[in-house]
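1. quick one: sequence and predicted model below, then my questions.
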Amino acid sequence: MRGEVRLRKLKIKYSFFFLAFFMIIFGFFLQFIIIFLFVSLHEAGHIIFAKFFSVETKKVIITPVGETAVMKNIDSVSFWKKFIIFVSGPLVNIFFGTVFLFFDNNIFEFVENINFTLAFFNLLPIYPLDGGRIFMLFLNKFFPIILSNKIIIRVSVAFSVLFIIIGIIQLVLFPYNISFLCIGLYLFKERNKTYFSMTFDFYKHIIKKKNVLGNMTLLKSFYINENFEIKKVLKNFYFDCYCVFYVYVNGKFQRKIFEWEIIDYIQRKGVYGNILDIFRETPYKKG
Ligand SMILES: [Zn+2]
């Protein structure tokens, strides 16, 4: 038992049913339906644009804090296509929020607020929210992957702490309203899980990079010496270009080594050791 109901590509967490149950018995049936409807339309926005760019949706997970569409080959599409896929969900909410601005009625006002709130939260630069994924896209354009991951984790933690502080103030000013506190604590609790999944994604990406990017696209050059640690070399890897390292021994150029040669070594021997260990393993092909 994994705490979820599975219907083909759909997974619904049991905790979602608890939320539904409590909202309905406390008299928020209509609110529950509205939130669920617009969260689903948001997710449909992502799925429709993904399909348009031939990105397959592997599954949709429904949790009490929202829905997530897991996409299969998202890394194989270009920067702007990814950007459109990530931004399309919040845009659906901005669209409906704007449409319902023109209706004057309590329920429609609720619909409007829910849509703007959904768009706002999802656009915050917190990973794995849409805003966090967009932020990551831009970070990866300018910085190596590991540095990008560190930045996004710090920003996400800063936001979760900010939410916890706002949550405490909210609790003092409006007793019983714990919405911000819950979001903050949830994000704070998730930070390690996010970090692990990012590390996993990093290795998955550098191993599969050749299938995704094809041979030689952009090359970034680095100058290092033979005692340079492999772990430190990894810090230079970029998302959408390859690294080439010019290795100097006693101040004299010895040979160059490509990113994929290093990855090949890591897959066989692990990340411990230095560049010299790779030289002993792999014969030098000139060119
Ligand atoms: Zn989204």
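-> Good, I have the coordinates.
2. contacts, neighbours, all on C-alpha from now
-> OK.
3. how is the chain divided into domains?
-> Here the domain parsing of the chain from automatic domain parsing is 1-123, 127-212, 219-281.
4. may I see the ones you listed organised as JSON lines, with mean pLDDT added?
-> Formatted as JSON lines, the domains of the chain follow (pLDDT from 0 to 100):
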{"stretch": "domain 1-123", "mean pLDDT": "88"}
{"stretch": "domain 127-212", "mean pLDDT": "87"}
{"stretch": "domain 219-281", "mean pLDDT": "87"}
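5. mean neighbour count added to those domains, as JSON lines?
-> Shown next, in JSON lines, are the domains of the chain (neighbours: other C-alpha atoms under 10 Å):
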{"stretch": "domain 1-123", "mean neighbour count": "17"}
{"stretch": "domain 127-212", "mean neighbour count": "17"}
{"stretch": "domain 219-281", "mean neighbour count": "16"}
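6. which residues of the stretch 1-150 of the chain fall in helices?
-> Here the stretch 1-150 of the chain has its helices, by DSSP state H, counting those that start in this stretch, at 14-25, 29-52, 79-99, 106-122, 130-142, 145-173.
7. so which of those helices gets nearest Met71?
-> The closest of the helices of the stretch 1-150 of the chain to Met71 is helix 29-52. By C-alpha to C-alpha, the value is 8.0 Å.
8. what lies in contact with the closest one?
-> Residues from elsewhere that reach helix 29-52 (C-alpha atoms under 8 Å, 6 or more residues apart in numbering): 20, 23-24, 56-57, 66-69, 71, 84-93, 111, 114-115, 118.
9. likewise for stretch 153-165?
-> Residues outside stretch 153-165 that contact it (C-alpha under 8 Å, 6+ apart): 125-127, 180-185, 187-188, 191, 194-195.
10. at 10 Å what do you get?
-> Residues external to stretch 153-165 that are found in contact with it (C-alpha atoms under 10 Å, 6 or more residues apart in numbering): 124-129, 132, 147, 149-150, 152, 166-171, 178-192, 194-195, 198.
11. nearest residue to Phe143 other than its sequence neighbours?
-> With C-alpha to C-alpha, 6 or more residues apart in numbering as the criterion, Phe143 has its nearest non-adjacent residue at 6.9 Å, and that residue is Tyr238.
12. that neighbour against Ser221, yeah?
-> No: using C-alpha atoms under 10 Å, Tyr238 makes no contact with Ser221, being 11.5 Å away.
13. my read is the residue nearest to Phe143 is in a helix, agree?
-> No: under DSSP: H, G, I helix; E, B strand; the rest coil, Tyr238 falls outside any helix and is assigned coil.
14. if I pick it, what's in contact with it?
-> Listed by C-alpha under 10 Å, 6+ apart, the contact partners of Tyr238 are 140-148, 202, 206, 219-220.
15. same check on Phe245?
-> 220-225, 233, 236, 255-259, 262, 275.
16. dig out what it forms beta bridges with.
-> Assessed by DSSP bridges, Phe245 has beta-bridge partners Phe222, Ile257.
17. all further residue positions should be reported with the first residue as 47.
-> New numbering, starting at 47: the last item is Phe291.
18. sounds good, over and out.
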